[in-house]
Structure formats: C-alpha cells, structure tokens
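Asks: Everything below, folded, please.
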Amino acid sequence: MPSAVVEILTDLSGTISRWSERLGRRVDLDCLAMIGERAAIAGLQRNGNVSCGGATRLLPAADGWIALSLARPSDIELTPAWLQLFAVPADLDDTWATVERTVAGLCAGDVVERASLLGIPCSRLGEINGGPFWKTTRRSPAEPSTATEGAVVQVKPFDELIVVDLSSLWAGPLCANILGLAGLRVIKVESAARPDGARLGPAPFYDLLHGGHLSVALDFADTGDVAVLRQLIKLADVVIEASRPRALQQLGIDALTPDGPAVWVSITGHGRMGPSAERVAFGDDAAVAGGLVTRDEAGPCFLGDAIADPLTGMLAAALTLTRLHVGGHWLLDLSLARTAAWAARGPVLSIDPRGIAEPRHRPFIAVAASMGRDTDAVLSEFRISR
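Replies: The predicted structure is shown next:
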C-alpha cells in the first residue's frame with residue numbers, strides 16, 4: 001500500500017473533526033476504516049486483478065495495463081464497436097475472455113481513447129502524472145475572504161445550512177453523509193427517470209449513506225421540474241453533483257455562477273475541464289488511472305473496493321468544511337482519478353495480510369427515505385411551486 005494512503009486518511013479524520021467542531025457539531029470518523037464500508041456490508045473481498053465488485057478488471061495491453069469496467073448493459077453492448085469486432089459472446093465470462101485476447105494486441109492509449117469516445121469506463125494504469133490533484137476556485141475572484149484566524153464565517157446557524165445532493169453511487173453521497181453528521185440539512189434530489197444506481201445495491205449501504213436525508217424526485221425532462229431544481233439550488237448553501245459538466249449545462253444550470261451556494265462540489269471521473277471532461281469513470285478504473293494499485297507476482301491488482309470513491313468523498317467533505325469556514329463562494333473541482341493519484345504517492349508499505357483487520361462499517365442511523373418521499377413537503381416548506 002502506498003504510504004500516502006494511510007497519511008491522507010489519518011489527516012482527513014483530523015481535518016473533519018477539527019472543522020466540524022469549529023462550525024457546530026464535531027464529527028469523529030475513522031477514515032481508514034471507511035474505505036471498506038461497502039465491502040463489509042456486501043461481503044466483498046479482494047480478487048487480485050478483478051475488482052471486489054466484479055465489474056472491473058485489469059487487463060494487459062501490448063504496452064501496459066488498462067482497467068475496464070463493464071458495469072452497465074450499455075458497456076457490454078458497445079464492446080464490439082469499441083474493439084472493432086463483429087460481435088462478442090453472450091456469456092459474460094466469454095465476453096471478458098474475448099476482450100482480454102483482443103486488448104493484449106493493442107496499445108493501451110488507443111484502447112482507452114476509443115473507449116472514452118463511446119462512454120465506456122476505461123483507464124490506463126498510472127495515466128495521471130503529477131498535480132494539481134484538485135482545484136478550489138473562488139467563484140467571485142474579487143470577493144475578499146472575511147475569515148480571520150480561528151474565526152467562523154457563517155450567516156446562519158450551521159444546522160440551518162442546506163445541502164442539495166445531486167450525486168449518486170458513493171463519492172458524492174459520502175460527502176453529503178459526513179456533512180449531514182456535522183449538522184447540515186441534506187436534501188437528496190434524484191431524477192425520476194434515472195434514480196441513484198446505488199438503490200439497486202445492498203440496501204444497508206444505501207441506508208448508511210442516506211439515512212436521515214430528505215428525498216426529492218424530479219422529472220428533468222419537464223420544464224416545471226427543472227425550474228424547481230433551479231430554485232432548490234438557489235436556496236442551497238452547498239451543492240454536491242457528480243455528473244459530467246454538460247449534463248447540468250443542458251438544464252441551464254451553471255456551477256460557475258458567482259452567487260448561489262457557498263460551496264459547489266463537482267465530482268467527476270477525470271476532472272470537469274479539458275479533453276477528459278466527458279470521460280466516464282467509476283471508483284475502480286479511476287483508481288487505476290491514478291496508479292493506486294497493489295501488485296502480486298502476476299502484475300497489478302486492485303488495492304481495495306472502488307477506493308477512489310470513498311477517498312474522494314471524504315476529501316470533498318473536508319474541503320467543504322474548510323471553505324464554509326473561510327466564507328465566500330467556492331467551486332471545488334475533484335476527480336476520482338486525480339484523488340487516486342494523490343493517494344498513490346510515496347513508498348509502498350509492506351503490510352502482512354494476516355495483520356489486516358476485517359472490513360467494518362459505522363452504525364446505521366436510520367433507514368433511507370424512499371425515492372421522492374419528501375418532494376411535496378420540501379416544496380411546501382420552501383414555498384416552491386411546480
């Protein structure tokens with residue numbers, strides 16, 4: 001394990017405790033243990049060059065290694081076009097065998113580039129070289145910081161601050177979960193047509209991340225519901241989203257607006273700017289892009305369960321807490337791949353597997369709300385009409 005992983009997670013535990021206490025409610029977390037929470041709930045184990053969840057694999061190419069995720073039916077359907085094959089076998093194991101044989105004769109960069117064009121999550125091992133590992137931008141450059149050393153800048157009590165969580169799966173919801181534990185009020189907003197895919201996974205894991213949060217469901221194809229979304233964002237002190245930039249732009253929502261939420265958290269696979277802005281990534285393939293892997297005699301192996309996801313979620317929460325302290329309006333640009341690269345630094349620690357504790361998870365606070373349960377109540381409270 002890279003030494004930076006342990007150092008980073010220890011530092012994040014301290015940062016979250018320190019700044020949450022200054023802002024209202026202290027949150028003490030064992031961030032090192034939290035990277036294994038989903039594995040603990042779902043009974044997942046490390047499988048070498050196959051991800052813990054089974055949907056991603058490390059494959060040798062002609063000049064390196066790639067990580068490929070076939071987590072969605074569309075990824076499998078696009079495989080023939082991606083690899084320029086007439087067809088792939090119907091059986092998933094046979095599909096993987098065909099993909100592995102084909103990729104072995106191709107250059108890793110070409111494989112990743114073609115996959116990116118088709119929206120298939122695919123990364124080259126260690127493709128992220130150097131920083132910056134994240135970006136924090138003051139959305140109003142001329143806006144001075146009003147914070148002084150040790151002071152807390154907030155215009156209303158911390159437990160009245162509102163988080164609008166538009167994210168899904170793990171990284172963004174974990175950030176929202178930590179902010180909720182710190183006393184912020186979290187409103188989870190989902191597309192009625194495309195709910196959070198984590199609802200299909202182990203229910204206890206979804207409960208762990210979303211217990212105690214309000215649930216709003218909107219039809220993003222309906223102009224009235226899009227107007228509601230904009231009003232919710234206008235009311236928010238923190239917005240968390242994990243979509244490619246064009247998704248919100250198509251709804252007329254701009255993260256770079258100088259007013260609005262105090263903190264806008266943008267979590268993407270490979271960053272919201274530049275040629276990789278539209279690339280799709282999940283926690284496992286993004287970790288490989290950042291070089292965050294371990295090794296055995298056969299080659300690189302996955303270090304943990306989608307490790308780029310919880311790392312990014314905890315980093316996002318820590319940065320949000322510090323920016324709420326500083327005051328002003330901020331855009332936090334975090335990517336799964338760059339967070340993984342940040343954690344992949346430093347010498348590798350030799351850890352005896354016999355000394356590694358079994359994965360564990362935090363206690364459950366509440367059962368998560370069913371999708372859209374609180375839509376009418378939230379709109380009524382904030383006097384928002386559809």
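Asks: Strands of this structure, start to end?
Replies: Remark: strands of the chain, listed N- to C-terminal, are 56-61, 64-69, 122-124, 134-138, 162-165, 185-191, 214-218, 238-241, 263-268, 293-296, 299-302, 330-335; assignment by DSSP state E.
Asks: elements contacting the shortest one?
Replies: This points to strand 122-124. Helices and strands touching strand 122-124, as assessed by 3 or more C-beta pairs under 8 Å, 6 or more residues apart in numbering; DSSP states H and E, comprise strand 64-69, helix 108-118, helix 283-289. From N, CA and C alone the C-beta is placed, and that goes for glycine too.
Asks: per-residue confidence averaged over the biggest helix by length in the chain?
Replies: Using DSSP state H to define each element, the chain has its longest helix at helix 3-23. Averaging pLDDT along helix 3-23 yields 93.
Asks: repeat for stretch 366-376
Replies: Here the average pLDDT along stretch 366-376 is 97.
Asks: Could you do stretch 269-278 as well?
Replies: 89.
Asks: quick one on the thing from earlier: present the strands of the chain as CSV; the columns should include mean neighbour count.
Replies: Supplementary listing: the strands of the chain in CSV, determined by neighbours: other C-beta atoms under 10 Å:
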stretch, mean neighbour count
strand 56-61, 22
strand 64-69, 23
strand 122-124, 28
strand 134-138, 16
strand 162-165, 24
strand 185-191, 22
strand 214-218, 21
strand 238-241, 26
strand 263-268, 27
strand 293-296, 14
strand 299-302, 19
strand 330-335, 24
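Asks: which stretch in the ones you listed has the least confidence?
Replies: Of all the strands of the chain, the minimum mean pLDDT falls on strand 134-138 (a mean of 87).
Asks: What are the contacting residues of that one?
Replies: The contact list for strand 134-138 (C-beta atoms under 8 Å, 6 or more residues apart in numbering) reads 315, 319, 323, 328-335, 338-339, 342.
Asks: Between the helices and strands packed on strand 122-124, which one is closest to G372.
Replies: helix 283-289 (26.5 Å; C-beta to C-beta).
Asks: just to revisit the earlier point, with distance to G346 added, can I get the helices and strands packed on strand 122-124 in a markdown table?
Replies: Putting those into a markdown table (distance: least, C-beta to C-beta, whole Å) gives the following:
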| stretch | distance to G346 |
| --- | --- |
| strand 64-69 | 21 |
| helix 108-118 | 25 |
| helix 283-289 | 16 |
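Asks: Just name the most buried of these.
Replies: Highest mean neighbour count of these: helix 283-289, a mean of 33 (counted as mean count of other C-beta atoms under 10 Å).
Asks: just checking, what packs against that one?
Replies: Other elements packing on helix 283-289 under the criterion 3+ C-beta pairs under 8 Å, 6+ apart are strand 56-61, strand 64-69, strand 122-124, strand 299-302, helix 308-326, helix 336-343.
Asks: my read: R230 touches I253, true?
Replies: Yes. Applying C-beta atoms under 8 Å, one finds R230 in contact with I253, separated by 6.5 Å.
Asks: Just want the phi and psi numbers for the spatially closest residue to S74 that is not a sequence neighbour.
Replies: Spatially, and ignoring its direct neighbours in sequence, S74 is nearest to G119 (7.6 Å; C-beta to C-beta, 6 or more residues apart in numbering). The phi and psi values for G119, taken as degrees, to the nearest 10, are phi 80, psi 20.
Asks: check contacts around G119.
Replies: Here G119 is in contact with 74, 78, 280 (criterion: C-beta under 8 Å, 6+ apart).
Asks: So what's the residue count around the first one?
Replies: In this case it means S74. As a burial measure, the neighbour count of S74 was computed by other C-beta atoms under 10 Å and equals 12.
Asks: Next one: it from D196, what distance?
Replies: Per C-beta to C-beta, to the nearest Å, S74 is found 17 Å from D196.
Asks: what do you get for the second one?
Replies: L78 is 23 Å from D196, where distance means C-beta to C-beta.
Asks: And the two? Which one has more around it.
Replies: Counting neighbours by other C-beta under 10 Å for L78 and for D196 shows that D196 has the greater number, 23 against 17.
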